[in-house]
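Participant: Task: produce atomic coordinates for the following.
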Amino acid sequence: MIWELFFGFLRVGCFAFGGAYGAIPLIREVVLNHGWLTDESLTYLIGVSESTPGPIMVNLATYIGSLEAGLPGALLATVAVVLPSFLVILAVTALLENFLKKGWVQALLRGLKPCLTGIILATGCYMIWQSCFSLEPGFQIQPRPLLLTCILAGAMAVFPKLRHKKLSPISLILLSCVLGIVVYGV
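Facilitator: As a prediction, this is how the structure comes out:
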């Protein structure tokens, strides 16, 4: 079990380009294939991981490792998910000056950006769909998550027009917490 955690999150760490949001589909696949969490539990855990300090991907690995194998599982999953990035950063810093100036590296980085944007957008749409609509039994609208999603989307659209600046992620997280308490109760 503990080595499944290690190799599962090592795989996530190896192929997670673009940060945590780009890695969520891969994390979802690994977690669901191993049966560590349900899709609903993982969605809640993503929300918790996003609202706690630290990188989401590392937080998810730590939480899932802890749930599955306690402290050793948390440590091993965390090490596994950061190990590939750590090794790549070590290698890149050794070659950084000449490596980043190469045309093919610049082209690769420019090509990855729209792909990652699409992956992040698709993940967000998937999470909204899973949260707000249910297909079991039959199509059903989940009014509370849909209400929260609409309020948060409205806040993100209206705030810049009122204040002439973007709504900060911290403010959005705090607003989400307050709305969650109001809508779902304590």
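
Participant: mind showing which ranges of the protein have poor pLDDT?
Facilitator: Where the chain drops to pLDDT under 70, the residues are 18-20, 97, 186.

Participant: what element comes up after the lengthiest helix in it heading to the C-terminus?
Facilitator: Of all the segments assigned as helix in the chain under DSSP state H, the longest by residue count is helix 56-99. Remark: after helix 56-99, the chain's next helix or strand is helix 103-132, criterion DSSP states H and E.

Participant: Please spell out which residues along that next one are buried.
Facilitator: Using 16 or more other C-beta atoms under 10 Å as the test for burial, helix 103-132 gives 119, 120, 123, 127, 130, 131, 132. For every residue, glycine as well, the C-beta is placed using N, CA and C.

Participant: pretty sure the third one contacts residue 21?
Facilitator: Yes: under the criterion of C-beta atoms under 8 Å, residue 123 makes contact with residue 21 at 6.1 Å.

Participant: Check which residues of stretch 59-67 are buried.
Facilitator: For stretch 59-67, the buried set under the neighbour-count rule, 16+ other C-beta under 10 Å, comprises 59, 60, 61, 62, 63, 64, 65, 66.

Participant: and which of these is nearest to residue 51?
Facilitator: Nearest to residue 51, judged by C-beta to C-beta, of the buried residues of stretch 59-67 is residue 59 at 9.4 Å.

Participant: From residue 91, how far off is the nearest residue to that closest one once chain neighbours are set aside?
Facilitator: The spatial neighbour of residue 59 that comes closest, neighbours along the chain excluded (C-beta to C-beta, 6 or more residues apart in numbering), is residue 49 at 3.8 Å. From residue 49 across to residue 91, the span is 28 Å (C-beta to C-beta, to the nearest Å).
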